[in-house]
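Colleague: compute the structure for the input listed below.
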Amino acid sequence: MLKQERFFRGNIMAGLLNIGLSGVNAAQGHLITTSHNIANEDTPGYHRQRVIQAAQAPYFSGVGFFGTGTKMAAVTRVYDQFLENQVLSTNTRRTEYSAYASQIRQIDNMLADSSAGLSPAMDAFFAGLREVAADPTGLPARQSLLSSAQSLVGRFHSLDERLTEIREGVEYDIRAAVDKINTLASGIAELNQRIVVAQAAGSNKPANDLQDQRWQLVSELNEIIQVSTKEQSDGTLSVFICSGQSLVQSNQASKLGAIQGKNDPQRYDVAIIPRNGSPIRIPERLINGGELAGLIAFRRESLDSTQNRLGMIAASVASAINNQQKLGIDLGGAIGLDMFSLPDIHVMPSGAAAVSFDFDTNDTADDISNLGLLTDADYELTYDGTDYIITNLSTKAQKTLTSPIDTFEGLSIDLSGSALVAGESALIQPTRFMARDIAMAITDPREIAAGCPVISTVPTTNSGTGKVSGIVMNDVGGPGTPGATLLTGWNLKASYSGGTLTLTSSGGAAISPATLTFNPATDSSGKTFTVTDASGFEFEFTFSGTPQDGDTFDLHRTEAGVADNRNTNLLAALQTSKLLFSNSAGEPTATMDSAYSQLVNKVGNKTHEAQTNEATQATLYGQACEARDALSAVNLDEEAANLIRYQQAYQASGRVMSVAQRLFDEIISIVR
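Modeller: As a prediction, this is how the structure comes out:
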């Protein structure tokens, strides 16, 4: 019995010593981990760590089980995948809207500027036209108009130049974002390898700090492009982008590249670069979330349409002014020349088709009847070996072209010399470069066509009150071409008798119709007629009053140098004429001024929308971070309390060892 008691007492002393030692080790582990937490309180991506303790296996005695102390089962990080995913989701949207907002804000500030925008230059140009109308033969007024026109051209140039600078910045940022993605993906793959090695050496215990470093890279990658992740059984993290495309698998990272657009070398597409083979372009619609998605969306939704709309306004102004200018005569009596010049429509690759604006509804007169069909969209022309199909890239409206020369949305497409082969496509940008390349076509103020080519006179021998007014030219293609004088000697005489005006011409082709019906009893307030000669010379005039039988009325060529402002008034009236954006009934709904105002409003609304979305996502991101940090972040107050707690635990465990030592000494003294 005495021997058994001595053995039990020996075990108690040894057990106490081991228990105290295990407690000291555990407290030391807690102190180390707590100190590590405090030291990394400001480390990006760090999750606080904690020691997991467990009781050691007890030993059995005759009276029951006695504990043998504690052990450290693991050191883990406080981590919740759901909360981390919430942070990723809100942050990738925040950075997407932030990138969009920062870019579109530049356009909004430019267009809305009261001095740098297009509106002041447009107003000055039309004011110059009104000055010429007030003094049609005055060279100072004409020179001032040319200066205003040149200023308008310069304003188009400066606005387009600024948009081009923004575009170059966006393309640079896209390439830089792709480079960052590759760098971060390689870093994640490398950390995957290090984690596998570290955990294999540590009996598959988690490599907490390496995992935090890896997740920080994932978070940074997610700010550039939205990612999804899946942790594998070996501890590696697989990373996916673009609706499931693998970016990182184990210790291998796919490589992305920014490659020039297939038909637009100024535009960069994101592509997967395989080790062998050609790059695989990623459709823009699959790139969601993050800075890269924001840049691409801004380029597609706002930058392209803004530059195209500006070019459309430039093309509209030039076409409308040129058309009316060519229906008037200048100070030298010659038919007006184009005031502005426009470049050819941009088609890539060149030779795919010859595309031009088709402004004429009947193709017999140089008018702008189809101007309202013009859009600010880009188009894709595809050839399948049998048919050519043109697609509006904004609305996705399509048309199969049925002849070598066909029309679509205000465009004339000539395929007679097309170099496309089956399976190829071309990009058509009708208005993209119009604002950049618009230029002045005349420099001599005398060449401003202020007057109308036809003027009327009433012989003093007439006994009635009939008169001709409101002469409007529709076409001067017969008697003259731009820059040439009207047919010398041309004259049209209208003779009234018995309710009929009989027209006879000299110096020109036969006139049609030759007889016009006019009833003074019902038409004295004015009746408008349109007449054309066989050469295509066409104009309108209004006949009013009460003529008497035998009265005649002369319509003849306006002589050079006459103070005539009729065509200038029509030019100035274009500012308030609805020419653009035809509705379903084919009626134009917008003036050139309102088209620009719509652009300013559209960009302003989109800017506000992007800023609102950014603010909303920033709030959601902040809330997600707060929820995550409440669980995972280091709390210095809590860690300070833990230091005291584990210090006391260390001291208490040391006291247990001290007691065990004293008991051992007592037994030794008894034996002695």
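
Colleague: just the helices from the stretch 151-300 of the chain, written as ranges.
Modeller: 208-224, 290-298 (DSSP state H, counting those that start in this stretch).

Colleague: contacts for the longest one?
Modeller: It refers to helix 208-224. Contacts to helix 208-224, defined as Cβ atoms under 8 Å, 6 or more residues apart in numbering, come from residues 43-47, 49, 75-77, 84, 87-88, 91-92, 95, 177, 180-181, 184-185, 187-188, 191-192, 194-195, 198, 227, 229, 237, 239, 289-292. Placement of C-beta: from N, CA and C, glycine included.

Colleague: could you dump the helices of the stretch 151-300 of the chain to a markdown table with mean pLDDT, mean neighbour count and distance to N462?
Modeller: Listed next are the helices of the stretch 151-300 of the chain as a markdown table, based on pLDDT from 0 to 100; neighbours: other Cβ atoms under 10 Å; distance: least, Cβ to Cβ, whole Å:
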| stretch | mean pLDDT | mean neighbour count | distance to N462 |
| --- | --- | --- | --- |
| helix 208-224 | 94 | 21 | 83 |
| helix 290-298 | 96 | 25 | 69 |
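
Colleague: export these to TSV and tack on distance to T612?
Modeller: As requested, those are exported to TSV (distance: least, Cβ to Cβ, whole Å):
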stretch	distance to T612
helix 208-224	20
helix 290-298	14
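
Colleague: so which of the ones you listed is nearest I667?
Modeller: I667 lies closest to helix 208-224 among the helices of the stretch 151-300 of the chain, at 44.4 Å (Cβ to Cβ).

Colleague: returning to that earlier point: show me which of the contacts of helix 208-224 are buried.
Modeller: Taking 16 or more other Cβ atoms under 10 Å as the criterion, what is buried in the contacts of helix 208-224 is 45-47, 49, 75, 77, 84, 87-88, 91-92, 95, 177, 180-181, 184-185, 187-188, 191-192, 195, 198, 227, 229, 237, 239, 289-292.

Colleague: L16: neighbouring residues, count only.
Modeller: 19 (other Cβ atoms under 10 Å).

Colleague: which element is the closest residue to it other than its chain neighbours on?
Modeller: Using Cβ to Cβ, 6 or more residues apart in numbering and skipping residues adjacent in sequence, the residue nearest L16 is A660, 3.7 Å away. Using DSSP states H and E, the element containing A660 is helix 636-671.

Colleague: what residues sit buried inside that helix?
Modeller: Buried-residue list, helix 636-671, by 16+ other Cβ under 10 Å: E639, N642, Y646, A649, Y650, S653, V656, M657, A660, L663, F664.

Colleague: ok, and the closest non-adjacent residue to the fifth one?
Modeller: By that I understand Y650. A27 (3.7 Å).

Colleague: per-residue confidence at the one you found?
Modeller: We have a pLDDT of 85 for A27.

Colleague: which phi and psi does it have?
Modeller: Per-residue torsions, A27: phi -60, psi -40 (degrees, to the nearest 10).

Colleague: does it touch Y646 like I think?
Modeller: Yes: A27 is within contact range of Y646, at 5.0 Å (criterion: Cβ atoms under 8 Å).

Colleague: now the helix holding A660: how far from the chain's centre is it?
Modeller: 69 Å (Cα atoms, centre = their mean, to the nearest Å).

Colleague: stretch 269-283 now?
Modeller: 23 Å.

Colleague: pLDDT below threshold where in this protein?
Modeller: 1-14, 360-366, 478-489, 507-509, 671-672 (pLDDT under 70).

Colleague: next up, the contacts around the residue nearest to G333 when sequence neighbours are not counted.
Modeller: Nearest residue to G333, sequence neighbours excluded (Cβ to Cβ, 6+ apart): A560, at 3.2 Å. Counting by Cβ under 8 Å, 6+ apart, A560 makes contact with I329, L331, G332, G333, T485.

Colleague: now do the helix holding A660: which elements does it pack against?
Modeller: helix 2-39 (3 or more Cβ pairs under 8 Å, 6 or more residues apart in numbering; DSSP states H and E).

Colleague: how many neighbours does G117 have?
Modeller: Neighbour count for G117, taken as other Cβ under 10 Å: 17.

Colleague: the one 10 residues further on now?
Modeller: If you count neighbours by other Cβ under 10 Å, A127 ends up with 14.

Colleague: isn't it up against S148?
Modeller: Yes: using Cβ under 8 Å, A127 makes contact with S148 at a distance of 7.2 Å.

Colleague: mind listing the strands for the stretch 351-500 of the chain?
Modeller: 354-357, 379-383, 388-392, 398-401, 405-408, 411-414, 425-429, 439-440, 454-457, 467-475, 491-497, 500-506 (DSSP state E, counting those that start in this stretch).

Colleague: the second one pairs with which strands?
Modeller: It stands for strand 379-383. Next to strand 379-383 in the sheet, as set by DSSP bridges, lie strand 388-392 (antiparallel), strand 425-429 (antiparallel).

Colleague: what sits against the residue nearest to Y650?
Modeller: Y646, Q647, A649, Y650, S653.

Colleague: mind running it again at 6 Å?
Modeller: Contacts for A27 were tallied using Cβ atoms under 6 Å, 6 or more residues apart in numbering; they are Y646, A649, Y650, S653.

Colleague: next: T236.
Modeller: T236 neighbours (Cβ under 6 Å, 6+ apart): N192, S250.

Colleague: which one of the helices of the stretch 151-300 of the chain lies nearest to Q398?
Modeller: helix 290-298 (23.7 Å).

Colleague: mind giving me the packing neighbours of the closest one?
Modeller: Judged by 3 or more Cβ pairs under 6 Å, 6 or more residues apart in numbering; DSSP states H and E, helix 290-298 is in contact with helix 81-112, helix 139-201, helix 208-224.

Colleague: what's the angle between it and helix 81-112?
Modeller: Here the directions of helix 290-298 and helix 81-112 differ by 40 degrees (axes from the mean of the first three to the mean of the last three Cα atoms, to 10 degrees).

Colleague: okay, helix 290-298 in CSV with CA atoms only?
Modeller: The C-alpha trace of helix 290-298 is given here as CSV (Å, rounded to 0.1, in the frame of the first residue of the first chain):
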residue,chain,number,x,y,z
GLY,A,290,-13.9,46.2,-61.7
GLU,A,291,-12.0,49.1,-63.3
LEU,A,292,-11.6,47.3,-66.6
ALA,A,293,-15.4,46.8,-67.0
GLY,A,294,-16.0,50.5,-66.2
LEU,A,295,-13.4,51.6,-68.8
ILE,A,296,-14.9,49.4,-71.5
ALA,A,297,-18.5,50.3,-70.7
PHE,A,298,-17.6,54.0,-70.7
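
Colleague: next secondary structure after it?
Modeller: Criterion used, DSSP H and E; the element after helix 290-298 is helix 304-325.

Colleague: elements contacting that next one?
Modeller: helix 139-201, helix 434-437, helix 592-632.

Colleague: now do D173 against S102, distance only.
Modeller: 10 Å (Cβ to Cβ, to the nearest Å).

Colleague: next: A560.
Modeller: 58 Å.

Colleague: F543 now?
Modeller: 63 Å.

Colleague: ok so, going back, out of the strands of the stretch 351-500 of the chain, flag the one nearest T576.
Modeller: Checked against Cβ to Cβ, the stretch from those lying closest is strand 467-475, at 16.8 Å.

Colleague: can you list the strands that the closest one pairs with?
Modeller: Counting by DSSP bridges, strand 467-475 is paired with strand 538-544 (antiparallel).

Colleague: can you give me the buried ones in the strand it pairs with?
Modeller: In strand 538-544, counting by 16+ other Cβ under 10 Å, buried: E538, F539, F541, F543, S544.

Colleague: quick check: the last one touching D523?
Modeller: Yep, that's S544 we're talking about. No: using Cβ atoms under 6 Å, S544 makes no contact with D523, being 7.6 Å away.

Colleague: domains of this protein?
Modeller: 2-78+634-671, 84-303+593-624, 346-361+372-432, 453-557 (automatic domain parsing).
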